[in-house]
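J.: What shape does this take:
(one chain, ligands or ions: 1)
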Amino acid sequence: MKPIKEIFNLHGKGAVVTGGAMGIGLGISKRLAEAGASVMIADIRLDEAQAAADEIKKSGLKAEAIKVNVANPADTAAMIAACVKQFGNVNIMVNNAGIFPFAPSDSMTEAQWDRVQDINLKGTFFAAQAAAKAMKESGGGKIVNIASIDSLHPTGNLAHYDASKGGVLMLTRSLAVEWAPFGITVNAVLPGGIGTPGTAAISEGMLAAGMTQEQLMQAFTARIPLKRMGEPDDIAKVVLFLASDASDYMTGSHIVVDGGYLLS
Ligand SMILES: NC(=O)c1ccc[n+]([C@@H]2O[C@H](COP(=O)([O-])OP(=O)(O)OC[C@H]3O[C@@H](n4cnc5c(N)ncnc54)[C@H](O)[C@@H]3O)[C@@H](O)[C@H]2O)c1
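T.: Residues are numbered from 1 along each chain as shown. Modelled structure (predicted):
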């Protein structure tokens, strides 16, 4: 039986985190690096990704940055090639990059719909496909998709997002079955409300629309039994579990991390 410290030891593993420059992705990048992985922070915002990699490297850990638009399969293929070149392999792929722009369905445009599917769903698929090619050659790997509680439960004015995240959940199950023979596991994490730059932008919009700070916090936490918003590290610790040997017998599974929101 492996000792616990070895189960969570990611030394010698190459990891890619899309959308790793900030928010949940940054939290995931930090935890994977702390566990010993070499982390490729892949983000459409190169300056922020580079700053995140530099911060991790200052602690004596391993990280590099690359500019990637996950909606472009050529970019995600290049991202995987860069990880193999720099770190020797891709053992862990975290599909985290995603957007959640509010849009009422009756006025949603084709461009709004396509952009969300391209980044959230198509981006997850083609990044996973590129990672799986490398993982098959090395005998396996772990893919973790960041879906959402919206994969299971709709939020108003986010039909395009909810559809994309429902898609990510089913994609996780499809790929898990197809790639199990190659030693590749594919699992999903479904976050509830997490404080990130992305959700801060929504809060600013609500405040600008006349909501008070107190009403805002009430709106966010009223239905959360644990009575707080989540933090990026709440998700990062669960991703670490799914990226480690602790989850070896899990594939096609999802873990809801929402402070109990879906129960209320
Ligand atoms: N924050 C939450 O409450 C919450 C809840 C459920 C699910 N999620 C999911 O978690 C993930 C991260 O959310 P967050 O709140 O940290 O978001 P965020 O907006 O704070 O950060 C997203 C990161 O992704 C990057 N990104 C955006 N589009 C990209 C693209 N096309 N290619 C590459 N990188 C891109 C951004 O530059 C940014 O660094 C998303 O998939 C989101 O849907 C978030």
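J.: Could you use CA atoms for every contact and neighbour count after this?
T.: Will do.
J.: what about residue 79, distance to residue 3?
T.: Distance, residue 79 to residue 3, using CA to CA, to the nearest Å: 33 Å.
J.: The two: which has the busier surroundings?
T.: residue 79 (27 against 7; other CA atoms under 10 Å).
J.: Low-confidence ranges, the protein, go.
T.: With pLDDT under 70 as the threshold, the chain has no low-confidence stretch at all.
J.: ok, now with 90
T.: 155-156, 201-220 (pLDDT under 90).
J.: With only the CA atoms kept, save the helix or strand harbouring residue 145 in PDB.
T.: Using DSSP states H and E, residue 145 sits within strand 141-146. Only the C-alpha atoms of strand 141-146 are listed here, as PDB (Å, rounded to 0.1, in the frame of the first residue of the first chain):
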ATOM      1  CA  GLY A 141      -3.000  10.100 -17.400                       C
ATOM      2  CA  LYS A 142      -5.700  12.100 -15.600                       C
ATOM      3  CA  ILE A 143      -8.100  14.600 -17.200                       C
ATOM      4  CA  VAL A 144     -10.100  16.800 -14.900                       C
ATOM      5  CA  ASN A 145     -12.900  18.900 -16.400                       C
ATOM      6  CA  ILE A 146     -14.200  21.900 -14.500                       C
END
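J.: residues of stretch 43-55 that come out buried?
T.: Buried residues in stretch 43-55, counted by 16 or more other CA atoms under 10 Å: 43-46, 48-50, 52-54.
J.: To clarify, my last question referred to stretch 133-148.
T.: 134-135, 140-148.
J.: Which phi and psi values does the closest residue to residue 226 other than its chain neighbours adopt?
T.: Using CA to CA, 6 or more residues apart in numbering and skipping the chain neighbours, the partner closest in space to residue 226 is residue 259 (5.1 Å). With angles defined as degrees, to the nearest 10, residue 259 sits at phi 60, psi 20.
J.: What of residue 211?
T.: The phi/psi pair for residue 211 (degrees, to the nearest 10) is phi -70, psi 140.
J.: Tell me, how many residues neighbour it?
T.: Count around residue 211 with other CA under 10 Å applied: 15.
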